[in-house]
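[1] sequence and predicted structure, then a few things I'm wondering about:
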Amino acid sequence: MKDILDAIQSKDATSADLAALPLPESYRAITVHKDETEMFAGLATRDKDPRKSIHLDDVPVPELGPGEALVAVMASSVNYNSVWTSIFEPLPTFGFLERYGKLSELTRRHDLPYHIIGSDLAGVVLRTGPGVNAWKPGDEVVAHCLSVELESSDGHNDTMLDPEQRIWGFETNFGGLAEIALVKSNQLMPKPAHLSWEEAAAPGLVNSTAYRQLVSRNGAQMKQGDNVLIWGASGGLGSYATQFALAGGATPICVVSSEQKAEICRKMGAELIIDRSAEDYKFWKDEHTQDPKEWKRFGKRIRELTGGEDVDIVFEHPGRETFGASVYVTRKGGTIVTCASTSGYNHEYDNRYLWMSLKRIIGSHFANYREAWEANRLIAKGKIHPTLSKVYSLEETGQAAYDVHRNLHQGKVGVLCLAPEEGLGVRDEEMRAQHIDAINRFRNV
Ligand SMILES: C/C=C/C(=O)SCCNC(=O)CCNC(=O)[C@H](O)C(C)(C)COP(=O)(O)OP(=O)(O)OC[C@H]1O[C@@H](n2cnc3c(N)ncnc32)[C@H](O)[C@@H]1OP(=O)(O)O
Ligand SMILES: NC(=O)C1=CN([C@@H]2O[C@H](COP(=O)(O)OP(=O)(O)OC[C@H]3O[C@@H](n4cnc5c(N)ncnc54)[C@H](OP(=O)(O)O)[C@@H]3O)[C@@H](O)[C@H]2O)C=CC1
(Lines give C-alpha, C1' and ligand atoms only; values in the text may rest on other atoms or scores of the structure.)
(Ligands and ions follow the chains in the order given, each with its own letter.)
Protein backbone atom coordinates (compact mmCIF):
# COMPACT_ATOMS: atom_id res chain seq x y z
CA MET A 1 0.00 0.00 0.00
CA LYS A 2 2.93 2.29 0.74
CA ASP A 3 4.19 1.98 -2.86
CA ILE A 4 0.74 2.89 -4.15
CA LEU A 5 0.58 5.94 -1.88
CA ASP A 6 4.12 7.00 -2.88
CA ALA A 7 3.20 6.74 -6.56
CA ILE A 8 0.01 8.78 -6.04
CA GLN A 9 1.94 11.46 -4.18
CA SER A 10 4.88 11.63 -6.58
CA LYS A 11 4.47 14.23 -9.28
CA ASP A 12 5.78 12.06 -12.12
CA ALA A 13 4.16 8.59 -11.76
CA THR A 14 2.39 7.69 -15.01
CA SER A 15 -0.74 5.67 -15.59
CA ALA A 16 1.49 2.77 -16.63
CA ASP A 17 3.49 3.08 -13.40
CA LEU A 18 0.33 2.80 -11.31
CA ALA A 19 -1.02 -0.07 -13.40
CA ALA A 20 2.28 -1.94 -12.92
CA LEU A 21 2.28 -1.69 -9.13
CA PRO A 22 1.12 -4.93 -7.52
CA LEU A 23 -2.10 -4.72 -5.53
CA PRO A 24 -1.79 -5.61 -1.85
CA GLU A 25 -3.50 -8.80 -0.66
CA SER A 26 -5.48 -6.94 1.96
CA TYR A 27 -6.40 -3.42 2.94
CA ARG A 28 -7.87 -1.56 5.92
CA ALA A 29 -11.60 -0.97 5.82
CA ILE A 30 -14.42 0.21 8.05
CA THR A 31 -16.87 -2.61 8.59
CA VAL A 32 -19.90 -3.73 10.53
CA HIS A 33 -20.20 -7.43 11.38
CA LYS A 34 -23.09 -9.74 10.56
CA ASP A 35 -22.87 -11.54 13.90
CA GLU A 36 -23.41 -8.24 15.76
CA THR A 37 -26.69 -7.04 14.25
CA GLU A 38 -28.55 -7.73 17.50
CA MET A 39 -26.05 -5.88 19.71
CA PHE A 40 -28.37 -2.89 20.25
CA ALA A 41 -31.60 -4.88 20.71
CA GLY A 42 -33.94 -3.10 23.09
CA LEU A 43 -32.12 0.25 23.05
CA ALA A 44 -33.70 3.50 21.88
CA THR A 45 -32.37 4.70 18.50
CA ARG A 46 -30.55 7.59 20.16
CA ASP A 47 -28.67 5.25 22.50
CA LYS A 48 -27.31 2.96 19.77
CA ASP A 49 -23.64 3.90 19.61
CA PRO A 50 -21.84 3.55 16.24
CA ARG A 51 -18.50 3.52 18.10
CA LYS A 52 -19.43 0.03 19.36
CA SER A 53 -20.51 -1.49 16.03
CA ILE A 54 -17.98 0.09 13.65
CA HIS A 55 -14.71 -1.81 13.20
CA LEU A 56 -11.46 -1.22 11.35
CA ASP A 57 -10.50 -4.56 9.77
CA ASP A 58 -7.97 -5.94 7.33
CA VAL A 59 -9.96 -7.37 4.42
CA PRO A 60 -8.96 -9.10 1.16
CA VAL A 61 -9.00 -7.08 -2.08
CA PRO A 62 -12.11 -8.13 -4.04
CA GLU A 63 -11.87 -9.63 -7.50
CA LEU A 64 -12.38 -7.02 -10.24
CA GLY A 65 -15.25 -7.65 -12.64
CA PRO A 66 -16.27 -6.28 -16.06
CA GLY A 67 -17.25 -2.62 -16.02
CA GLU A 68 -15.70 -2.09 -12.59
CA ALA A 69 -12.77 -0.19 -11.10
CA LEU A 70 -10.62 -0.54 -8.01
CA VAL A 71 -9.85 2.87 -6.55
CA ALA A 72 -7.19 3.87 -4.00
CA VAL A 73 -9.27 5.93 -1.60
CA MET A 74 -7.49 9.05 -0.33
CA ALA A 75 -10.49 10.37 1.61
CA SER A 76 -14.15 9.65 2.23
CA SER A 77 -16.95 11.21 4.26
CA VAL A 78 -19.60 10.12 6.72
CA ASN A 79 -23.14 10.00 5.43
CA TYR A 80 -26.22 9.33 7.45
CA ASN A 81 -26.70 6.03 5.60
CA SER A 82 -23.55 4.80 7.38
CA VAL A 83 -25.17 5.84 10.65
CA TRP A 84 -28.22 3.72 9.74
CA THR A 85 -25.96 0.79 8.84
CA SER A 86 -24.01 1.07 12.08
CA ILE A 87 -27.13 1.05 14.26
CA PHE A 88 -28.77 -1.68 12.13
CA GLU A 89 -31.85 0.50 11.46
CA PRO A 90 -34.36 0.38 9.88
CA LEU A 91 -32.93 -3.01 8.82
CA PRO A 92 -29.49 -4.62 9.05
CA THR A 93 -27.85 -4.00 5.66
CA PHE A 94 -26.74 -7.65 5.42
CA GLY A 95 -30.18 -8.45 3.96
CA PHE A 96 -29.36 -6.14 1.02
CA LEU A 97 -26.00 -7.90 0.49
CA GLU A 98 -27.66 -11.34 0.59
CA ARG A 99 -30.25 -10.26 -1.97
CA TYR A 100 -27.60 -8.73 -4.26
CA GLY A 101 -25.46 -11.83 -3.87
CA LYS A 102 -28.21 -13.97 -5.38
CA LEU A 103 -28.23 -12.01 -8.66
CA SER A 104 -25.15 -13.51 -10.34
CA GLU A 105 -21.87 -15.28 -9.90
CA LEU A 106 -20.12 -11.90 -9.77
CA THR A 107 -22.47 -10.18 -7.32
CA ARG A 108 -22.00 -13.13 -4.94
CA ARG A 109 -18.73 -11.38 -3.91
CA HIS A 110 -20.83 -8.82 -2.00
CA ASP A 111 -22.53 -11.31 0.33
CA LEU A 112 -19.97 -11.47 3.14
CA PRO A 113 -20.15 -11.67 6.95
CA TYR A 114 -18.75 -8.12 7.06
CA HIS A 115 -20.03 -5.00 5.30
CA ILE A 116 -17.48 -2.40 4.17
CA ILE A 117 -19.49 0.78 4.36
CA GLY A 118 -19.20 4.31 2.96
CA SER A 119 -20.82 6.02 -0.03
CA ASP A 120 -18.33 8.76 -0.93
CA LEU A 121 -14.71 8.77 -2.06
CA ALA A 122 -12.00 10.86 -3.62
CA GLY A 123 -9.02 8.92 -4.88
CA VAL A 124 -7.06 7.45 -7.75
CA VAL A 125 -8.04 4.64 -10.13
CA LEU A 126 -5.77 1.60 -9.64
CA ARG A 127 -7.27 -0.96 -12.00
CA THR A 128 -10.16 -1.14 -14.44
CA GLY A 129 -12.04 -4.25 -15.49
CA PRO A 130 -12.85 -5.49 -19.01
CA GLY A 131 -15.03 -3.08 -20.99
CA VAL A 132 -13.91 0.06 -19.18
CA ASN A 133 -12.60 2.59 -21.71
CA ALA A 134 -13.42 5.97 -20.16
CA TRP A 135 -11.12 5.65 -17.15
CA LYS A 136 -7.59 4.38 -16.60
CA PRO A 137 -5.16 3.80 -13.72
CA GLY A 138 -3.90 7.11 -12.35
CA ASP A 139 -7.09 9.09 -13.00
CA GLU A 140 -7.99 11.32 -10.05
CA VAL A 141 -11.67 10.77 -9.35
CA VAL A 142 -14.63 11.10 -7.06
CA ALA A 143 -17.33 8.42 -7.08
CA HIS A 144 -21.08 8.87 -6.80
CA CYS A 145 -23.00 6.13 -5.05
CA LEU A 146 -25.51 4.90 -7.64
CA SER A 147 -24.98 1.26 -8.53
CA VAL A 148 -27.17 -0.09 -11.35
CA GLU A 149 -27.25 -3.17 -13.55
CA LEU A 150 -29.43 -1.66 -16.35
CA GLU A 151 -30.45 -5.03 -17.78
CA SER A 152 -34.12 -4.07 -17.58
CA SER A 153 -35.74 -1.41 -19.79
CA ASP A 154 -37.14 0.28 -16.66
CA GLY A 155 -33.98 2.20 -15.84
CA HIS A 156 -33.18 3.51 -19.28
CA ASN A 157 -35.03 6.86 -19.00
CA ASP A 158 -33.80 7.51 -15.49
CA THR A 159 -31.28 5.11 -14.03
CA MET A 160 -32.67 5.64 -10.50
CA LEU A 161 -35.64 3.58 -11.75
CA ASP A 162 -33.56 0.49 -12.51
CA PRO A 163 -35.08 -2.45 -10.57
CA GLU A 164 -31.52 -3.36 -9.54
CA GLN A 165 -30.74 0.17 -8.32
CA ARG A 166 -28.58 0.15 -5.20
CA ILE A 167 -26.66 2.61 -3.08
CA TRP A 168 -22.97 1.66 -3.15
CA GLY A 169 -21.53 1.11 0.35
CA PHE A 170 -25.03 0.73 1.82
CA GLU A 171 -26.80 -1.85 -0.34
CA THR A 172 -23.53 -3.12 -1.85
CA ASN A 173 -20.25 -4.08 -0.24
CA PHE A 174 -16.72 -2.63 -0.76
CA GLY A 175 -17.65 0.98 0.09
CA GLY A 176 -15.59 4.13 0.37
CA LEU A 177 -14.61 4.19 4.07
CA ALA A 178 -11.52 2.11 3.28
CA GLU A 179 -8.11 2.27 1.65
CA ILE A 180 -9.42 0.59 -1.53
CA ALA A 181 -12.95 0.60 -2.93
CA LEU A 182 -14.69 -1.35 -5.67
CA VAL A 183 -17.04 0.70 -7.86
CA LYS A 184 -18.74 0.41 -11.23
CA SER A 185 -16.86 2.61 -13.68
CA ASN A 186 -20.08 4.55 -14.36
CA GLN A 187 -19.85 5.84 -10.78
CA LEU A 188 -16.65 7.73 -11.56
CA MET A 189 -16.40 11.48 -12.11
CA PRO A 190 -13.40 13.84 -12.32
CA LYS A 191 -12.08 15.10 -9.00
CA PRO A 192 -12.47 18.90 -8.76
CA ALA A 193 -8.89 20.15 -9.22
CA HIS A 194 -9.03 23.04 -6.72
CA LEU A 195 -10.00 20.85 -3.76
CA SER A 196 -8.00 18.67 -1.41
CA TRP A 197 -8.84 14.96 -1.21
CA GLU A 198 -11.03 15.36 1.87
CA GLU A 199 -12.83 18.42 0.47
CA ALA A 200 -13.49 16.61 -2.81
CA ALA A 201 -14.88 13.57 -0.96
CA ALA A 202 -17.33 15.58 1.12
CA PRO A 203 -20.09 16.77 -1.25
CA GLY A 204 -20.77 13.69 -3.48
CA LEU A 205 -23.76 11.93 -1.96
CA VAL A 206 -25.57 14.87 -0.38
CA ASN A 207 -24.81 17.33 -3.18
CA SER A 208 -26.16 14.96 -5.84
CA THR A 209 -29.22 14.15 -3.73
CA ALA A 210 -30.03 17.81 -3.05
CA TYR A 211 -29.53 18.59 -6.77
CA ARG A 212 -32.08 16.01 -7.89
CA GLN A 213 -34.45 16.77 -5.03
CA LEU A 214 -34.52 20.53 -5.51
CA VAL A 215 -33.25 21.45 -8.97
CA SER A 216 -33.73 18.54 -11.37
CA ARG A 217 -36.85 17.95 -13.44
CA ASN A 218 -37.11 14.68 -11.51
CA GLY A 219 -37.46 16.69 -8.29
CA ALA A 220 -39.06 20.02 -7.39
CA GLN A 221 -37.74 21.95 -10.43
CA MET A 222 -36.92 25.01 -8.33
CA LYS A 223 -37.03 28.29 -10.26
CA GLN A 224 -35.95 31.90 -9.73
CA GLY A 225 -37.95 33.64 -7.02
CA ASP A 226 -39.20 30.47 -5.31
CA ASN A 227 -39.35 30.47 -1.52
CA VAL A 228 -37.72 27.23 -0.37
CA LEU A 229 -38.09 26.01 3.21
CA ILE A 230 -34.98 23.98 4.04
CA TRP A 231 -34.96 21.78 7.13
CA GLY A 232 -31.51 21.21 8.66
CA ALA A 233 -30.08 23.96 6.45
CA SER A 234 -26.55 23.70 7.86
CA GLY A 235 -26.53 19.87 7.84
CA GLY A 236 -25.37 17.47 5.11
CA LEU A 237 -28.21 17.80 2.62
CA GLY A 238 -29.37 21.22 3.78
CA SER A 239 -26.01 22.95 3.33
CA TYR A 240 -26.12 22.07 -0.40
CA ALA A 241 -29.86 22.79 -0.76
CA THR A 242 -29.21 26.26 0.70
CA GLN A 243 -26.41 26.86 -1.82
CA PHE A 244 -28.57 25.64 -4.73
CA ALA A 245 -31.42 27.94 -3.66
CA LEU A 246 -29.11 30.96 -3.43
CA ALA A 247 -27.24 30.17 -6.66
CA GLY A 248 -30.53 29.58 -8.51
CA GLY A 249 -32.15 32.88 -7.57
CA ALA A 250 -34.54 31.39 -5.03
CA THR A 251 -34.99 32.50 -1.42
CA PRO A 252 -34.06 29.87 1.16
CA ILE A 253 -35.85 29.92 4.49
CA CYS A 254 -33.33 28.03 6.59
CA VAL A 255 -34.45 26.03 9.63
CA VAL A 256 -31.68 25.23 12.13
CA SER A 257 -31.43 24.39 15.84
CA SER A 258 -28.85 26.85 17.20
CA GLU A 259 -27.51 30.36 16.78
CA GLN A 260 -24.18 28.89 15.68
CA LYS A 261 -25.91 27.08 12.82
CA ALA A 262 -27.92 30.21 11.99
CA GLU A 263 -24.62 32.08 11.66
CA ILE A 264 -23.30 29.46 9.21
CA CYS A 265 -26.41 29.95 7.07
CA ARG A 266 -25.88 33.73 7.12
CA LYS A 267 -22.29 33.17 6.01
CA MET A 268 -23.59 31.15 3.05
CA GLY A 269 -25.70 34.20 2.13
CA ALA A 270 -29.09 33.21 3.53
CA GLU A 271 -31.08 35.96 5.22
CA LEU A 272 -34.28 34.26 6.35
CA ILE A 273 -33.55 31.90 9.24
CA ILE A 274 -35.68 30.11 11.81
CA ASP A 275 -34.04 28.73 14.94
CA ARG A 276 -36.40 25.85 15.76
CA SER A 277 -34.88 25.42 19.23
CA ALA A 278 -35.08 29.08 20.25
CA GLU A 279 -38.64 29.31 18.94
CA ASP A 280 -39.45 25.96 20.52
CA TYR A 281 -41.91 24.51 18.00
CA LYS A 282 -43.73 21.47 19.35
CA PHE A 283 -45.54 19.99 16.35
CA TRP A 284 -46.48 16.92 18.40
CA LYS A 285 -48.42 17.29 21.69
CA ASP A 286 -47.64 13.67 22.49
CA GLU A 287 -46.43 10.60 20.60
CA HIS A 288 -49.75 10.24 18.75
CA THR A 289 -51.19 13.75 18.43
CA GLN A 290 -50.00 16.70 16.39
CA ASP A 291 -50.76 20.32 17.26
CA PRO A 292 -52.04 22.30 14.24
CA LYS A 293 -51.70 25.51 16.29
CA GLU A 294 -47.95 24.96 16.20
CA TRP A 295 -48.05 24.44 12.40
CA LYS A 296 -49.83 27.79 12.21
CA ARG A 297 -47.33 29.54 14.49
CA PHE A 298 -44.55 28.17 12.26
CA GLY A 299 -46.39 29.34 9.11
CA LYS A 300 -46.86 32.82 10.59
CA ARG A 301 -43.14 33.04 11.28
CA ILE A 302 -42.42 32.12 7.65
CA ARG A 303 -44.87 34.83 6.49
CA GLU A 304 -43.18 37.38 8.79
CA LEU A 305 -39.83 36.56 7.22
CA THR A 306 -41.01 36.55 3.59
CA GLY A 307 -43.26 39.60 3.81
CA GLY A 308 -46.45 37.55 3.75
CA GLU A 309 -45.61 34.79 1.29
CA ASP A 310 -45.84 31.04 1.81
CA VAL A 311 -43.24 28.58 0.57
CA ASP A 312 -43.22 27.16 -2.95
CA ILE A 313 -41.08 24.17 -2.01
CA VAL A 314 -40.32 22.35 1.22
CA PHE A 315 -37.03 20.44 1.22
CA GLU A 316 -38.03 17.59 3.56
CA HIS A 317 -35.99 14.89 5.27
CA PRO A 318 -36.65 14.96 9.07
CA GLY A 319 -39.89 13.06 8.35
CA ARG A 320 -42.42 12.23 11.04
CA GLU A 321 -41.59 15.13 13.36
CA THR A 322 -41.91 17.86 10.71
CA PHE A 323 -43.96 16.44 7.84
CA GLY A 324 -47.37 17.64 9.07
CA ALA A 325 -46.00 21.17 9.42
CA SER A 326 -44.29 20.94 6.03
CA VAL A 327 -47.53 20.05 4.24
CA TYR A 328 -49.40 22.82 6.10
CA VAL A 329 -46.98 25.68 5.35
CA THR A 330 -46.58 24.93 1.62
CA ARG A 331 -48.36 27.45 -0.61
CA LYS A 332 -51.32 26.52 -2.82
CA GLY A 333 -49.98 24.44 -5.70
CA GLY A 334 -46.60 24.08 -4.00
CA THR A 335 -44.36 21.04 -3.59
CA ILE A 336 -43.11 19.03 -0.64
CA VAL A 337 -40.12 17.03 -1.85
CA THR A 338 -38.89 14.33 0.53
CA CYS A 339 -35.86 12.03 0.49
CA ALA A 340 -35.83 10.70 4.04
CA SER A 341 -37.46 10.22 7.42
CA THR A 342 -34.75 10.68 10.01
CA SER A 343 -37.21 11.09 12.90
CA GLY A 344 -39.60 8.32 11.78
CA TYR A 345 -40.99 6.98 8.50
CA ASN A 346 -44.68 6.77 9.35
CA HIS A 347 -45.68 10.33 8.48
CA GLU A 348 -48.99 11.96 9.41
CA TYR A 349 -50.41 15.07 7.82
CA ASP A 350 -53.84 16.62 7.34
CA ASN A 351 -54.71 15.64 3.78
CA ARG A 352 -57.28 18.44 3.44
CA TYR A 353 -54.40 20.90 3.25
CA LEU A 354 -52.87 18.84 0.46
CA TRP A 355 -55.80 18.18 -1.86
CA MET A 356 -57.83 21.38 -1.26
CA SER A 357 -54.73 23.45 -1.97
CA LEU A 358 -53.53 21.28 -4.85
CA LYS A 359 -50.14 20.60 -3.29
CA ARG A 360 -47.87 17.77 -4.39
CA ILE A 361 -45.61 15.42 -2.47
CA ILE A 362 -42.64 14.14 -4.48
CA GLY A 363 -40.44 11.26 -3.37
CA SER A 364 -36.81 11.68 -4.34
CA HIS A 365 -33.83 9.38 -3.86
CA PHE A 366 -30.14 9.98 -4.61
CA ALA A 367 -29.52 10.95 -8.28
CA ASN A 368 -28.85 9.39 -11.66
CA TYR A 369 -25.34 9.55 -13.19
CA ARG A 370 -26.18 12.65 -15.21
CA GLU A 371 -27.58 14.49 -12.17
CA ALA A 372 -24.58 13.47 -10.07
CA TRP A 373 -22.29 14.62 -12.89
CA GLU A 374 -24.04 18.01 -13.13
CA ALA A 375 -23.87 18.45 -9.35
CA ASN A 376 -20.14 17.56 -9.36
CA ARG A 377 -19.57 19.96 -12.28
CA LEU A 378 -20.97 22.81 -10.16
CA ILE A 379 -18.42 21.95 -7.46
CA ALA A 380 -15.62 21.76 -10.06
CA LYS A 381 -16.61 25.19 -11.40
CA GLY A 382 -16.57 26.74 -7.92
CA LYS A 383 -20.27 27.60 -8.02
CA ILE A 384 -21.14 25.27 -5.12
CA HIS A 385 -18.64 24.57 -2.35
CA PRO A 386 -17.88 21.68 -0.01
CA THR A 387 -19.25 22.15 3.50
CA LEU A 388 -16.59 20.16 5.31
CA SER A 389 -16.39 21.01 9.02
CA LYS A 390 -14.21 18.40 10.70
CA VAL A 391 -11.91 15.62 9.50
CA TYR A 392 -11.21 12.34 11.28
CA SER A 393 -8.75 9.50 10.64
CA LEU A 394 -9.99 6.12 9.43
CA GLU A 395 -9.43 4.76 12.97
CA GLU A 396 -11.80 7.43 14.32
CA THR A 397 -14.69 6.69 11.94
CA GLY A 398 -16.85 5.37 14.80
CA GLN A 399 -16.58 8.74 16.53
CA ALA A 400 -17.29 10.55 13.26
CA ALA A 401 -20.48 8.51 12.79
CA TYR A 402 -21.42 9.11 16.43
CA ASP A 403 -21.13 12.89 15.89
CA VAL A 404 -23.50 12.70 12.91
CA HIS A 405 -25.92 10.39 14.73
CA ARG A 406 -26.10 12.76 17.70
CA ASN A 407 -26.34 15.89 15.51
CA LEU A 408 -23.10 17.26 17.02
CA HIS A 409 -21.66 18.13 13.61
CA GLN A 410 -22.02 20.90 11.03
CA GLY A 411 -22.23 20.33 7.27
CA LYS A 412 -20.13 17.31 6.39
CA VAL A 413 -17.66 15.24 8.40
CA GLY A 414 -14.64 13.95 6.46
CA VAL A 415 -12.45 10.86 6.92
CA LEU A 416 -8.85 10.50 5.76
CA CYS A 417 -8.27 7.04 4.29
CA LEU A 418 -4.88 6.82 2.51
CA ALA A 419 -4.18 10.57 2.65
CA PRO A 420 -1.61 10.98 5.44
CA GLU A 421 -2.76 14.51 6.25
CA GLU A 422 -5.30 17.15 5.28
CA GLY A 423 -4.77 19.60 2.45
CA LEU A 424 -3.18 17.25 -0.12
CA GLY A 425 -4.25 16.64 -3.70
CA VAL A 426 -4.87 20.24 -4.82
CA ARG A 427 -4.00 20.67 -8.52
CA ASP A 428 -5.37 24.16 -9.22
CA GLU A 429 -4.06 26.55 -6.57
CA GLU A 430 -5.13 29.63 -8.49
CA MET A 431 -8.78 28.65 -8.59
CA ARG A 432 -8.58 27.51 -4.97
CA ALA A 433 -7.33 30.95 -3.92
CA GLN A 434 -10.37 32.55 -5.57
CA HIS A 435 -12.77 30.45 -3.48
CA ILE A 436 -10.82 29.81 -0.31
CA ASP A 437 -13.20 31.63 2.04
CA ALA A 438 -16.20 29.72 0.74
CA ILE A 439 -14.30 26.40 0.85
CA ASN A 440 -13.40 27.02 4.52
CA ARG A 441 -16.77 28.41 5.61
CA PHE A 442 -17.71 25.36 7.68
CA ARG A 443 -14.23 24.55 9.01
CA ASN A 444 -13.83 24.35 12.76
CA VAL A 445 -17.14 25.98 13.65
C1 LIG B 1 -28.09 7.92 -0.87
C2 LIG B 1 -28.45 7.79 0.56
C3 LIG B 1 -29.68 7.45 0.91
C4 LIG B 1 -30.14 7.39 2.28
O5 LIG B 1 -29.49 7.76 3.23
S6 LIG B 1 -31.75 6.82 2.43
C7 LIG B 1 -31.91 6.45 4.17
C8 LIG B 1 -31.45 5.06 4.47
N9 LIG B 1 -32.26 4.06 3.82
C10 LIG B 1 -33.34 3.49 4.40
O11 LIG B 1 -33.66 3.78 5.55
C12 LIG B 1 -34.12 2.49 3.59
C13 LIG B 1 -33.81 1.12 4.06
N14 LIG B 1 -34.59 0.15 3.29
C15 LIG B 1 -35.76 -0.38 3.69
O16 LIG B 1 -36.26 -0.03 4.76
C17 LIG B 1 -36.36 -1.41 2.80
O18 LIG B 1 -35.45 -1.84 1.85
C19 LIG B 1 -37.65 -0.92 2.06
C20 LIG B 1 -38.76 -0.60 3.07
C21 LIG B 1 -37.37 0.31 1.22
C22 LIG B 1 -38.13 -2.06 1.14
O23 LIG B 1 -38.41 -3.22 1.89
P24 LIG B 1 -38.00 -4.67 1.39
O25 LIG B 1 -38.64 -5.67 2.27
O26 LIG B 1 -36.53 -4.67 1.34
O27 LIG B 1 -38.50 -4.77 -0.11
P28 LIG B 1 -39.95 -4.93 -0.72
O29 LIG B 1 -39.90 -4.19 -2.01
O30 LIG B 1 -41.01 -4.53 0.26
O31 LIG B 1 -39.98 -6.48 -1.04
C32 LIG B 1 -40.38 -7.47 -0.10
C33 LIG B 1 -41.29 -8.49 -0.79
O34 LIG B 1 -42.55 -7.82 -1.04
C35 LIG B 1 -42.88 -7.96 -2.42
N36 LIG B 1 -43.62 -6.79 -2.86
C37 LIG B 1 -43.13 -5.54 -3.07
N38 LIG B 1 -44.09 -4.72 -3.49
C39 LIG B 1 -45.24 -5.47 -3.57
C40 LIG B 1 -46.56 -5.20 -3.99
N41 LIG B 1 -46.90 -3.96 -4.43
N42 LIG B 1 -47.49 -6.19 -3.92
C43 LIG B 1 -47.12 -7.42 -3.48
N44 LIG B 1 -45.85 -7.75 -3.10
C45 LIG B 1 -44.93 -6.79 -3.16
C46 LIG B 1 -41.55 -8.09 -3.13
O47 LIG B 1 -41.69 -8.70 -4.38
C48 LIG B 1 -40.76 -8.94 -2.16
O49 LIG B 1 -41.14 -10.28 -2.35
P50 LIG B 1 -40.10 -11.48 -2.10
O51 LIG B 1 -39.70 -11.40 -0.65
O52 LIG B 1 -40.87 -12.71 -2.41
O53 LIG B 1 -38.94 -11.27 -3.01
N1 LIG C 1 -32.69 9.38 -0.14
C2 LIG C 1 -31.49 9.88 -0.29
O3 LIG C 1 -30.95 9.82 -1.39
C4 LIG C 1 -30.78 10.48 0.84
C5 LIG C 1 -31.29 10.45 2.10
N6 LIG C 1 -30.59 10.99 3.13
C7 LIG C 1 -31.20 10.93 4.46
O8 LIG C 1 -31.54 12.27 4.82
C9 LIG C 1 -31.42 12.44 6.22
C10 LIG C 1 -30.56 13.67 6.51
O11 LIG C 1 -29.25 13.45 5.99
P12 LIG C 1 -28.12 14.56 6.18
O13 LIG C 1 -28.63 15.88 5.78
O14 LIG C 1 -26.88 14.06 5.55
O15 LIG C 1 -27.98 14.50 7.77
P16 LIG C 1 -27.42 15.59 8.79
O17 LIG C 1 -27.57 15.00 10.13
O18 LIG C 1 -26.08 16.08 8.34
O19 LIG C 1 -28.40 16.84 8.65
C20 LIG C 1 -29.77 16.74 8.96
C21 LIG C 1 -30.20 17.96 9.72
O22 LIG C 1 -31.61 17.87 9.87
C23 LIG C 1 -31.99 18.51 11.07
N24 LIG C 1 -32.87 17.63 11.83
C25 LIG C 1 -32.56 16.40 12.32
N26 LIG C 1 -33.61 15.90 12.99
C27 LIG C 1 -34.59 16.84 12.92
C28 LIG C 1 -35.91 16.92 13.44
N29 LIG C 1 -36.43 15.93 14.16
N30 LIG C 1 -36.63 18.03 13.18
C31 LIG C 1 -36.10 19.04 12.45
N32 LIG C 1 -34.86 19.03 11.94
C33 LIG C 1 -34.12 17.93 12.18
C34 LIG C 1 -30.73 18.81 11.88
O35 LIG C 1 -30.45 20.20 11.77
P36 LIG C 1 -30.84 21.23 12.95
O37 LIG C 1 -30.62 20.49 14.23
O38 LIG C 1 -29.92 22.38 12.75
O39 LIG C 1 -32.28 21.62 12.72
C40 LIG C 1 -29.66 18.04 11.13
O41 LIG C 1 -28.43 18.72 11.16
C42 LIG C 1 -30.89 11.12 6.77
O43 LIG C 1 -31.98 10.38 7.25
C44 LIG C 1 -30.28 10.45 5.55
O45 LIG C 1 -30.26 9.05 5.66
C46 LIG C 1 -29.42 11.64 2.97
C47 LIG C 1 -28.87 11.72 1.73
C48 LIG C 1 -29.47 11.08 0.57
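    Looks like it arrived, so ask away. Ligands and ions are numbered 1, 2, ... in the order given.

[2] which one's the longest helix in the chain?
    Using DSSP state H, we find that the single longest helix of the chain is helix 292-306.

[3] what sits up against that one?
    Helix 292-306 has contacts (CB atoms under 8 Å, 6 or more residues apart in numbering) with 227, 229, 251, 253, 272, 274, 279, 281-283, 309-311, 324-325, 328-329, 350. All C-beta atoms are positioned from the backbone trio N, CA, C, and that covers glycine.

[4] ok, of those, which come out buried?
    227, 229, 251, 253, 272, 274, 281, 283, 310-311, 324-325, 328-329 (16 or more other CB atoms under 10 Å).

[5] OK, contacts around Glu140?
    Taking CB under 8 Å, 6+ apart, we find Glu140 in contact with 122-124, 190-191, 425, 427.

[6] what about stretch 36-53, distance to the chain center?
    Centroid displacement of stretch 36-53 relative to its chain, using CA atoms, centre = their mean, to the nearest Å, is 22 Å.

[7] isn't Leu388 up against Lys412?
    Yes. Leu388 lies in contact with Lys412 (CB atoms under 8 Å); the separation is 5.2 Å.

[8] overlap in contacts, the two.
    Common neighbours of Leu388 and Lys412, using CB under 8 Å, 6+ apart, are 77, 202, 442.

[9] how would you label the first one: helix, strand or coil?
    Read it as Ser77. What DSSP: H, G, I helix; E, B strand; the rest coil gives for Ser77 is strand.

[10] tell me the contacts of the residue of the stretch 51-200 of the chain at minimum distance from ligand 2?
    Residue nearest to ligand 2 within the stretch 51-200 of the chain: Tyr80 (3.4 Å; CB to the nearest ligand atom). Under the criterion of CB under 8 Å, 6+ apart, the contact partners of Tyr80 comprise 236, 340, 342, 404.

[11] which one (most neighbours) among those?
    The residue in those with the most neighbours, by other CB atoms under 10 Å, is Gly236 (27 neighbours).

[12] show me which residues of the stretch 51-200 of the chain sit near ligand 1.
    Taking CB under 6 Å from any ligand atom as the test, the list of the stretch 51-200 of the chain residues beside ligand 1 reads 80-81, 84, 90-91, 145, 167.

[13] so which of the residues you listed are in helices?
    Counting by DSSP H, those place 80-81, 84 in helices.

[14] tell me who's in contact with the nearest residue to Ser277 once chain neighbours are set aside.
    Counting by CB to CB, 6 or more residues apart in numbering, Ser277 lies nearest to Ser257, which is 4.5 Å off, once chain neighbours are set aside. Counting by CB under 8 Å, 6+ apart, Ser257 touches 275-277, 407.

[15] okay if I get those residues as a markdown table plus distance to ligand 1 and neighbour count?
    Below are those laid out as a markdown table (distance: CB to the nearest ligand atom, whole Å; neighbours: other CB atoms under 10 Å):
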| residue | distance to ligand 1 | neighbour count |
| --- | --- | --- |
| Asp275 | 26 | 16 |
| Arg276 | 22 | 20 |
| Ser277 | 24 | 12 |
| Asn407 | 15 | 14 |
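
[16] restricting to those residues, which residues neighbour ligand 2?
    The subset of the contacts of Ser257 within reach of ligand 2, by CB under 6 Å from any ligand atom, is 276, 407.

[17] looking at the contacts of Ser257, which are in strands?
    Mapping those onto strands (DSSP state E) picks out Asp275.

[18] Asp12 sits in which helix or strand?
    Assigned by DSSP states H and E, Asp12 belongs to no helix or strand.

[19] same deal with the one 5 residues further on?
    Asp17 belongs to helix 15-20 when assigned by DSSP H and E.
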